[in-house]
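[1] Below is the sequence, then the predicted model.
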Amino acid sequence: MMMFEIVINTPFSKLFVLLLVVGLAPVRLSAQESGQMQNPEPISSPEEVSDEELQRFAISSDRIGDVQQTAREEIIAAVEESGLGMERFSELAASFNDPSMTLENEITQEEEAILNQLEPQMVKIELDAREQVFVQLAQEGLDVGRYQQIFHALQNFPSLQDRMNRVVEQDEQP
């Protein structure tokens, strides 16, 4: 699970932050939004994470992946339905995220109107997905802060990643 904090100063800021979902990036988890501490203490040793937590983390990650996939599909459908097309939407979004990028074709008034019409629908999709992520974590007894701690520990400690793989394999055996 990757976390992104992007500030975009354009009329379409909310819409283009949503490109994170369309661009195959995970739904952004913000501990602050969920009422959790903003920067949880990093895990200093793999032993700080139990096998049970690893199992809950793995289950949550799978369920969150499903939520993200559904959100991506809904956003893609909305963009395609608008007549804009994903390729052009992605190009416009990338240019808003990187002001130094030059568009091959400048944004038209029609495209701007389409983007303005899409924004509320996409914001709703993102908010629904974020809420579902929080629900999935809660169902497994994890909060955003702990999920983030485990995620970062898995990146920093290969031995913890190995343990998680063993826990998941054991869980998959009949």
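    It's in.
[2] Point out the other elements, helices or strands, that the helix or strand that Asn116 is a member of touches.
    Assigned by DSSP states H and E, Asn116 belongs to helix 109-139. Counting contacts by 3 or more C-beta pairs under 8 Å, 6 or more residues apart in numbering; DSSP states H and E, helix 109-139 is packed against helix 13-17, helix 19-22, helix 51-82, helix 86-97, helix 144-156. Yep, even glycine has a C-beta here, placed from its N, CA and C like the rest.
[3] Of all those, which one comes closest to Gln109?
    Closest to Gln109 of the helices and strands packed on helix 109-139, according to C-beta to C-beta: helix 86-97, at 13.2 Å.
[4] Please read off the pLDDT at Glu53 from the model.
    At Glu53, the model reports a pLDDT of 94.
[5] Tell me how many other residues surround the nearest residue to it once chain neighbours are set aside.
    Here the nearest residue to Glu53 in space, its sequence neighbours aside, is Ile150; by C-beta to C-beta, 6 or more residues apart in numbering that works out to 6.4 Å. By other C-beta atoms under 10 Å, 25 other residues sit near Ile150.
[6] cool, and Ala58?
    Count around Ala58 with other C-beta under 10 Å applied: 18.
[7] and Ile64, how many neighbours does it have?
    21.
[8] wait, I meant Leu92
    23.
[9] Please, which helix or strand holds the residue nearest to it when sequence neighbours are not counted?
    In space, Leu92 comes closest to Ile107 once its chain neighbours are excluded; the distance is 6.0 Å by C-beta to C-beta, 6+ apart. Per DSSP H and E: Ile107 is located in neither a helix nor a strand.
[10] For the helix holding Asn116, what does the pLDDT average out to?
    Here the average pLDDT along helix 109-139 is 90.
[11] What of stretch 166-174?
    81.
[12] List the buried residues in it.
    Val167, Val168 (16 or more other C-beta atoms under 10 Å).
[13] Good, we can wrap up now.
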